[in-house]
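Q: Using only what follows, build the 3D model:
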Amino acid sequence: MGSYCRTLHRSLHLLKPITCNWPVTYLASNEFIVTQKLHLCSKQSTHSPSPQPQINDNSVEVLGHVYPRDDMTNVTAKILSKVGRELHNQAHHPLWVIKERIKDHFYCSYLSRSGTPLFSVHDNLSPIVTVEQNFDSLLIPADHPSRKKGDNYYLNRTHMLRAHTSAHQKELVRAGLDCFLLAGDVYRRDEIDSSHYPVFHQMEGVRLFSNHELFARVENGEDLSLFEHGGHRTPQKQETHTLEAVKLVEFNLKQTLTRLIRHLFGEDLEIRWVECYFPFTHPSFEMEVRFQGDWLEVLGCGVMEQELVHSAGAENKMGWAFGLGLERLAMVLFGIPDIRLFWSQDERFLKQFHLSNIYDPVTFQALSKYPPLFNDISFWVPAEGYTDNDFYDLVRSIGGDLVEKVTLEDQFIHPKTKKVSHCYRIVYRHMERTLTQEEVRVIHHAIEQAAEHELGVQGRF
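A: Predicted coordinates:
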């Protein structure tokens, strides 16, 4: 979870912090559709690719639906080209392997009285959601910085590419589900380096409890209640919850996630819990694990805000939710050093994950690493309206996956005019061959021209 659950790409010498979030889904026809999938243990899912999206001066067409453009539209053709790829549903892709391991653990470990899996799994919900789904349904305030145009991909004022899978949480609960896992691609404007990419994949879980379900195994449980009247919010609980209920839900949450992460990393894994803040849970926690000598943040979780649960029509229940990033786990567990590799179609990369069993051990064997090329760009930024993410998004749109990293090397304020100058260093590196400076210069020149034309900067090239 995170500032809208930003799922935590932090730590290890090769990983910098990255963020993530959780659920809510909208299928373009203003009607939410739930396809509940109850699979047998170890059943694995795959899906075929979707039609290519299109963008023009007046509208954005994606997944078969047309959205009129307005002043909030900022999605790019490069980003739209990723919609429908669904790497988490491509058999034998490393993200699919991680997802299937998590699914298999929940399917085999948590069964209903009839012997069927307790948790349903939803991994093909549309990434196009309403702004209400992405923010309001999760109690994210109207003035919260996570709503900024500079941090998200908006189709228009009412629709966007989800910034976290939690955009589907309310609808799934309203549909009557009280135990489910959700996986999908999410979209976030962000910096450019080896652990950040504008499209990544999240998986989250929700479990709700009725009064009977939570207290059935507690001595004199019939005398206990989920809720209290006239209570107060404290660091340990919400105002509507009893302390007994919160402690049981918190225990179940931490036990469930400890079992999951040890299932993935190994039984001897050292784990610690850190208290934190999310808008849609309280109390909230982040899990850190001791991995290769470092403490590594792997997921966020907490007791769901009762206002959210109540608004979804489950006012007689309370529960927990968690969210994690699939790229984060795959990079650590498989030793994948660069997040761009997940989008590679190089068979030297993909064939390494063609496992006969999803639990077969695998460690990424590095492809030949081709030399980087460094090019700087300097310009005066506009007096207002400019953000670093605007430039990063422009660089991604033109340079694509040839750009390995962009760093702000220097800022300068002119002593007389007070104009601000930024100098960025762009690192170019092809994943499959050696780039020439002539090739890079063509791309770099296009970035210089586009920055002046689209961002209103004044070049110092």
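
Q: how close does residue 235 get to residue 282?
A: 9 Å (CB to CB, to the nearest Å). Placement of C-beta: from N, CA and C, glycine included.

Q: swap in residue 144?
A: When distance is defined by CB to CB, residue 144 is 16 Å away from residue 282.

Q: In terms of neighbours, single out the busier of these two.
A: Under the criterion of other CB atoms under 10 Å, the comparison of residue 144 against residue 282 puts residue 282 first, with 21 against 14.

Q: In contact with the more buried one, which residues?
A: Residues near residue 282 by CB atoms under 8 Å, 6 or more residues apart in numbering: 233, 237, 238, 302, 303, 305.

Q: those helices in the stretch 351-461 of the chain, which residues are they?
A: Secondary structure of the stretch 351-461 of the chain, counting by DSSP state H, counting those that start in this stretch: helices at 388-399, 437-455.

Q: For those helices, please prepare JSON lines with the additional fields mean neighbour count.
A: Shown next, in JSON lines, are the helices of the stretch 351-461 of the chain (neighbours: other CB atoms under 10 Å):
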{"stretch": "helix 388-399", "mean neighbour count": "20"}
{"stretch": "helix 437-455", "mean neighbour count": "15"}
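
Q: Not counting its own residues, what contacts stretch 74-83?
A: Residues from elsewhere that reach stretch 74-83 (CB under 8 Å, 6+ apart): 50, 52-55, 60, 62-63, 127-128, 149, 152-155, 161, 185, 187, 198-199, 343, 393, 396-397, 400.

Q: Do a quick rundown of the helices in this protein.
A: Taking DSSP state H as the test, the helices found in the chain are 77-80, 94-109, 131-134, 169-174, 211-215, 243-265, 306-311, 326-334, 347-350, 388-399, 437-455.

Q: Format these as CSV; extra columns: distance to residue 273.
A: Formatted as CSV, those follow (distance: least, CB to CB, whole Å):
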stretch, distance to residue 273
helix 77-80, 35
helix 94-109, 20
helix 131-134, 28
helix 169-174, 22
helix 211-215, 21
helix 243-265, 7
helix 306-311, 22
helix 326-334, 18
helix 347-350, 35
helix 388-399, 32
helix 437-455, 43
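
Q: Tell me which of the ones you listed sits nearest to residue 416.
A: With CB to CB as the measure, helix 437-455 is the member of these nearest residue 416 (22.6 Å).

Q: and that closest one with helix 388-399, angle?
A: Helix 437-455 runs at 130 degrees relative to helix 388-399, counting by axes from the mean of the first three to the mean of the last three CA atoms, to 10 degrees.

Q: Mind listing residues that contact helix 437-455?
A: Against helix 437-455 from outside (CB under 8 Å, 6+ apart): 373, 375, 377, 379, 382, 386, 390-391, 394-395, 397-399, 402, 426, 428, 457-459, 461.

Q: one step back: can you put the helices of the chain in a markdown table and add distance to residue 121 and mean pLDDT?
A: Listed next are the helices of the chain as a markdown table, based on distance: least, CB to CB, whole Å; pLDDT from 0 to 100:
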| stretch | distance to residue 121 | mean pLDDT |
| --- | --- | --- |
| helix 77-80 | 26 | 95 |
| helix 94-109 | 6 | 98 |
| helix 131-134 | 20 | 97 |
| helix 169-174 | 11 | 96 |
| helix 211-215 | 21 | 95 |
| helix 243-265 | 14 | 97 |
| helix 306-311 | 21 | 96 |
| helix 326-334 | 14 | 95 |
| helix 347-350 | 24 | 94 |
| helix 388-399 | 31 | 96 |
| helix 437-455 | 41 | 97 |
